[in-house]
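Engineer: need a structure here:
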Amino acid sequence: MPADATPARVAWTGPFQPTLEAAWLAALGRFRAADPLAAVWLLVPSRFLGLHLTRLAARAGGAVNVHVLTFTDLADRLLAPRGRAPRRLPAIGDGLVVRQALRDVVADDGYFAAVREARRFPAAVAATLAEL
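Structural biologist: Down below sits the predicted model:
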């Protein structure tokens, strides 16, 4: 590879602001200079970060054809063609698992004791965990 060429797959580490945000926008600019409509895949640890970086790209000039993947999304995509896609719990299953976990680990005088039996609290916890 020539010394001035940028590899197709790059990973950066550092403080999120401004280092990683600046690296993301600079890389997106290079990708767009080569082909303005090419697909760009962005691997992030959470959907919230993906949303933030997509909005940042939109404000900086465009986020067309930017595909945001979490690590779980990437694993699903890599395993699916091999017939090893993970089996998912039904939607209600997440709430049931979290409800039982809350009963098992939250002490009667614990931080979440007052809300652990609230009807929608386990689903809210499950949704929060899914975003991490």
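
Engineer: How confident is the prediction for the residue nearest to the spatial centre of the chain, by pLDDT?
Structural biologist: Note on the chain: the residue nearest the mean C-alpha position is residue 46, at 2.8 Å, using C-alpha atoms, centre = their mean. At residue 46, the model reports a pLDDT of 86.

Engineer: where's it relative to residue 53, distance?
Structural biologist: 11 Å (C-beta to C-beta, to the nearest Å). In this view, the C-beta of every residue, glycine as well, is placed from N, C-alpha and C.

Engineer: got it, and residue 68?
Structural biologist: In terms of C-beta to C-beta, residue 68 sits 7 Å off from residue 53.

Engineer: got a list of contacts for stretch 34-43?
Structural biologist: For stretch 34-43, the surrounding residues in contact (C-beta atoms under 8 Å, 6 or more residues apart in numbering) are 24, 28, 31-32, 50, 53-54, 64-71, 74.
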